[in-house]
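Enquirer: Just a sequence and a predicted model for now, questions to come.
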Amino acid sequence: MATSKKTQTKKVKKFKHKPQQTKEIKAEEHRLNNLKRKEAKEVKNKRRKDLANLKKVWKTNIKNATSKNQKKELKENYTRFFKDGYTQNTPGNIVDVQNVTKFYVTKRIYEKVLDNVSFQIKEGEICVLLGASGSGKTTLLNILSGLANSDSGHAIVLGRDLYFLNEKKKTKFRKDNISFVFQSYNLIQSLTVLENIKTGFALRNKKDKHQMNLDEILKVLGLEQVKDKYPYQLSGGQQQRVSIGRALAKNPKILFADEPTGALDEQKGREILEFLYQINKKYGTTMIMVTHNPNIALMANHVIKVKSGHLVEEIHNKHTVNPKEIKWA
C-alpha cells in the first residue's frame with residue numbers, strides 16, 4: 001500500500017507546472033491583460049474626444065448661423081441627435097453597424113468580445129448571427145437591441161444611434177419598436193395561452209396601421225385549440241410558440257431571437273423555425289436571430305459569421321430554404 005501511494009504522488013506531480021513555469025505563465029497573462037486594459041482605455045478616450053470635437057463643430061455652426069430660423073433649426077437638430085440619437089439609416093437598411101468594438105471586464109480581466117465590426121441589415125430580412133459559443137454573437141444582439149452599449153463605433157437602428165440614448169430612452173425604444181424570443185420561454189405561469197399573448201398587446205404602438213389581431217396570431221401559430229390552457233400543460237414547442245405570439249402581438253419592427261430552438265428537439269425546433277419563416281414571408285417582419293447551427297442559416301436572407309469577436313464572413317442567400325427542408329445536424 002505504501003508503494004502505491006508514493007507512485008500515485010509521483011504521477012500527480014508530473015502534471016503540475018514547475019514553480020518557475022507557473023510564474024512565467026502568470027506574468028505573461030498579466031502582460032496581455034495590461035495590453036487589453038490599455039487598449040480599452042484608448043478606445044473609450046478616443047470616443048470621448050471624437051464626440052467632444054463633433055459637439056464643437058455643431059456649436060460653431062449654431063453660433064455662425066445667418067438667421068434666427070437657421071439657428072433654431074440647428075439647435076433642435078443638435079438636441080435630437082445628441083440627446084435622442086436621431087439620425088438616418090442608409091436607404092433600405094433597418095440596421096447600420098459601423099466599427100463597433102466592445103470590451104468586457106470581469107474581476108479586472110479585460111476581454112475584447114467584438115473587434116471593429118461593421119455590417120448592414122436590410123428591412124424585411126431574416127438575418128442570422130452565426131457563431132460558436134463565446135464568438136460575440138449574443139453581445140452583438142444585445143448592442144443592436146439596446147441592452148448593451150458598444151465602447152466604440154455606432155449601432156444605428158431604426159434611425160436611432162443607440163449610443164446616445166440613456167437607459168430610460170432605450171427602454172422606451174425597445175417598448176415601441178422591438179420584441180424578443182429567448183431560448184427560455186419566460187411565460188407567466190398563472191396566465192393562460194390567450195392571456196400571455198394579450199400581455200404583448202399592452203405594449204404595442206397604437207399608431208401602427210398594420211397590426212395582427214389576436215385570432216390571427218392564434219391561427220398562424222396553431223394555438224387555437226390550446227388557448228385556454230396554462231404553460232405547464234403545454235409541450236416545449238407549444239410554449240415557445242406562445243412566446244412568439246406574445247412577441248408578435250406587440251407588432252414589432254424587429255424581432256430578435258436568441259437561440260430560439262436551443263431547448264427543443266429537432267421536430268419542435270423545425271416547427272418553431274417554420275413559424276418564424278412564414279411570419280417573415282407573410283408580414284415582412286425583420287428578424288435577427290442568433291444561432292450556432294450553420295444549417296439554420298440556410299433559411300436566412302443574410303448570414304453574418306462571427307468568430308472570436310470578428311466578422312469573418314457575410315453571406316447573402318439569393319434563395320432561402322424552408323426550415324422543413326434543412327438538415328438539423
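Expert: Now that the structure is in, tell me what you want to look at.
Enquirer: going forward, measure contacts between C-alpha atoms and count neighbours the same way
Expert: OK.
Enquirer: Flag the shaky bits of this protein, pLDDT-wise.
Expert: Filtered on pLDDT under 70, the chain yields the residue ranges 1-21, 205-211, 329.
Enquirer: By residue count, which helix of it is the longest?
Expert: Ranked by residue count under DSSP state H, the longest helix found in the chain is helix 19-63.
Enquirer: Which segments of the protein make up each domain?
Expert: With automatic domain parsing as the criterion, the domains of the chain are listed as 2-82, 93-325.
Enquirer: Which other helices and strands does the longest helix of the chain contact?
Expert: Judged by 3 or more Cα pairs under 8 Å, 6 or more residues apart in numbering; DSSP states H and E, the packing partners of helix 19-63 are helix 68-82, strand 109-122, strand 152-157.
Enquirer: Would you mark the buried spots in the helix or strand that contains Asn99?
Expert: Counting by DSSP states H and E, the element that carries Asn99 is strand 93-106. By neighbour count, with 16 or more other Cα atoms under 10 Å as the criterion, the buried positions of strand 93-106 are Asn93, Ile94, Val95, Asp96, Val97, Gln98, Val100, Thr101, Lys102, Phe103.
Enquirer: again with stretch 217-230
Expert: Applying a neighbour-count criterion of 16+ other Cα under 10 Å, the buried positions in stretch 217-230 are Ile217, Leu218, Leu221, Leu223, Val226, Lys227, Tyr230.
Enquirer: For these, work out which two are farthest apart.
Expert: Greatest spatial distance in those: Ile217 and Tyr230, 17.3 Å, computed using Cα to Cα.
Enquirer: Identify the residue spatially nearest to Asn142, adjacent ones excluded.
Expert: Across the structure, with Cα to Cα, 6 or more residues apart in numbering as the measure, the residue nearest Asn142 apart from its sequence neighbours is Ala148 (5.4 Å).
Enquirer: Counting neighbours, what do you get for the one you found?
Expert: By other Cα atoms under 10 Å, the residues close to Ala148 number 17.
Enquirer: Wait, a helix at it?
Expert: No: with DSSP: H, G, I helix; E, B strand; the rest coil as the criterion, Ala148 is assigned coil and is not in a helix.
Enquirer: quick one: it from Thr101, how far?
Expert: Using Cα to Cα, to the nearest Å, Ala148 is found at 12 Å from Thr101.
Enquirer: Same question for Pro294.
Expert: Separation of Pro294 from Thr101 (Cα to Cα): 24 Å.
Enquirer: Next: Glu24.
Expert: With distances taken as Cα to Cα, Glu24 is found 30 Å from Thr101.
Enquirer: Could you give me the buried positions within whatever helix or strand Lys268 lives in?
Expert: Element membership of Lys268, judged by DSSP H and E, is helix 266-283. Buried residues in helix 266-283, defined by neighbour count with 16+ other Cα under 10 Å: Lys268, Gly269, Arg270, Glu271, Ile272, Leu273, Glu274, Phe275, Leu276, Tyr277, Ile279, Asn280.
Enquirer: Now the residue nearest to Gly124 when sequence neighbours are not counted, what are its backbone angles?
Expert: Nearest residue to Gly124 in three dimensions, chain neighbours excluded: Thr286, at 4.3 Å (Cα to Cα, 6+ apart). Thr286 has phi and psi values of phi -70, psi 130 when expressed as degrees, to the nearest 10.
Enquirer: quick one, what contacts Thr286?
Expert: Taking Cα atoms under 8 Å, 6 or more residues apart in numbering as the definition of contact, the neighbours of Thr286 are Glu123, Gly124, Glu125, Ile126, Cys127, Lys253, Ile254, Leu255, Asn280.
Enquirer: The fifth one should be in a strand, yeah?
Expert: Yes: read with three-state DSSP, Cys127 is one of the residues of a strand.
Enquirer: What's the local residue count around it?
Expert: Residues lying near Cys127 (other Cα under 10 Å) number 23.
Enquirer: and it, what are its bridge partners?
Expert: According to DSSP bridges, Ile288, His302 are recorded as the beta-bridge partners of Cys127.
Enquirer: Show me which parts of stretch 309-328 are buried, residue by residue.
Expert: The neighbour-count check on stretch 309-328 (16+ other Cα under 10 Å) flags Gly309, His310, Leu311, Val321, Asn322, Pro323 as buried.
Enquirer: what's the closest of those residues to His302?
Expert: The shortest approach to His302 among these belongs to Val321, at 12.2 Å (Cα to Cα).
Enquirer: Check whether the closest one really touches Leu298, as I assumed.
Expert: Yes: Val321 sits in contact with Leu298 when judged by Cα atoms under 8 Å, with a separation of 5.5 Å.
Enquirer: residue contacts, the most centrally placed residue in the chain?
Expert: Central residue of the chain (Cα atoms, centre = their mean): Leu141, 1.2 Å from the mean position. By Cα under 8 Å, 6+ apart, the contact list for Leu141 reads Phe256, Asp258, Ile288, Val290.
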